[in-house]
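Enquirer: My questions concern the predicted model and sequence given below.
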Amino acid sequence: MDKLDAMHMFVRVVETGSFTKVAQEFATTQPTVTKQIAAMEARLKVRLFNRSARSVALTDIGQRYVERIAPALAQIKSAGEEA
């Protein structure tokens with residue numbers, strides 16, 4: 001899985017509030033989504049989510065990050081659809 005896929009997963013987790021739902025969307029498992037987000041956090045050297053057994057919440061840096069990457073991902077998707 002590449003970085004763009006991981007970024008898209010991250011945005012979808014933010015939008016859905018669920019690692020499990022995103023796993024279903026990407027036809028993968030919840031642990032795979034969790035690992036992709038953890039790898040992204042390791043690359044960025046920041047924590048994007050505060051996780052508990054029942055919820056997931058963005059950190060402040062996670063909020064800023066999603067605000068920056070979501071529009072870029074939407075433009076990439078749009079460009080692909082136009083091509």
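Expert: Yes, it's here.

Enquirer: Can you report phi and psi for residue 47?
Expert: phi -100, psi 120 (degrees, to the nearest 10).

Enquirer: How about it: what's its closest non-neighbour residue?
Expert: residue 59 (5.4 Å; Cβ to Cβ, 6 or more residues apart in numbering). Heads up, the C-betas are built off the backbone N, CA and C, glycines and all.

Enquirer: Was I right to think the one you found contacts residue 41?
Expert: No. Counting by Cβ atoms under 8 Å, residue 59 sits too far from residue 41 to count as a contact (9.6 Å).

Enquirer: Overlap of the contact sets of these two?
Expert: 47, 48 (Cβ atoms under 8 Å, 6 or more residues apart in numbering).

Enquirer: who has more neighbours, the two?
Expert: Neighbours per residue, other Cβ atoms under 10 Å: of residue 59 and residue 41, the larger number sits with residue 41, 17 against 14.

Enquirer: Can you give me the separation between the more buried one and residue 74?
Expert: 22 Å (Cβ to Cβ, to the nearest Å).

Enquirer: And for residue 23?
Expert: Distance of residue 23 to residue 74, computed by Cβ to Cβ: 22 Å.

Enquirer: Residue 19 is in contact with residue 34, correct?
Expert: Yes. The pair residue 34 / residue 19 is scored as a contact, 5.7 Å apart, by Cβ under 8 Å.

Enquirer: If anything else comes up later, I'll come back, but that's it for now.
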